[in-house]
Every structure is written in C-alpha cells, then in structure tokens.
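Q: Take a look and give me a structure for this.
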Amino acid sequence: MKIRILGVPLDLGQERRGVDMGPSAVRAAGLNHALKNLGHLDVMNKTAILGVGLVSSALGKKIL
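A: As a prediction, the model looks like this:
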C-alpha cells in the first residue's frame, strides 16, 4: 500500500493560535517511522500545501 502524507496547515475560524502547526507536530512526532514499523514500507512525506480558498492579506485576493 502506498501512503502519502500531506500537510495542510489551516487555522481559519480558530481562536487559538498555533492550530496550523498540527501537520508539523505530527511529522515531528515520527508518523513516517511509526507507519514503517507497522509494515507500510512505501511511505512518502510530501511537503505542506496551502489550503484551498485561502485569502492573501497582502493581495486581498484568493490564492487558490
């Protein structure tokens, strides 16, 4: 089984700071290593991607 891990940091609608750091925290906790130890040998950690429909405060326009 191929497993691809995509990080999508998102904090829209959240009052707490730091919730967008969730994908990084999961990676730092060793998700790749844990999945490989369970027998999933084809694990790839992809880079973080932007959430769909985010608004750029600098441009005032939708990015995606």
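
Q: Show me the helices in the chain, by range?
A: With helices called from DSSP state H, the chain shows them at 22-28, 31-37.

Q: Lowest average pLDDT across the ones you listed?
A: The minimum mean pLDDT among the helices of the chain belongs to helix 22-28 (a mean of 84).

Q: Which strands or helices does that one pack on?
A: Using 3 or more CB pairs under 8 Å, 6 or more residues apart in numbering; DSSP states H and E as the contact criterion, helix 22-28 has no neighbours among helices and strands. For glycine as for every other residue, the C-beta is placed from the backbone atoms N, C-alpha and C.

Q: How about residues contacting it?
A: Contacts with helix 22-28, where a contact means CB atoms under 8 Å, 6 or more residues apart in numbering, come from 5, 7-9, 45, 48.

Q: quick one: least confident of those residues?
A: Pick the lowest pLDDT in the contacts of helix 22-28 and you get residue 48, at 65.

Q: Quick check on the contacts of helix 22-28: which are buried?
A: residue 7 (16 or more other CB atoms under 10 Å).

Q: Greatest separation within the contacts of helix 22-28: which pair is it?
A: Maximum pairwise distance among the contacts of helix 22-28 (CB to CB): 14.4 Å, between 9 and 45.
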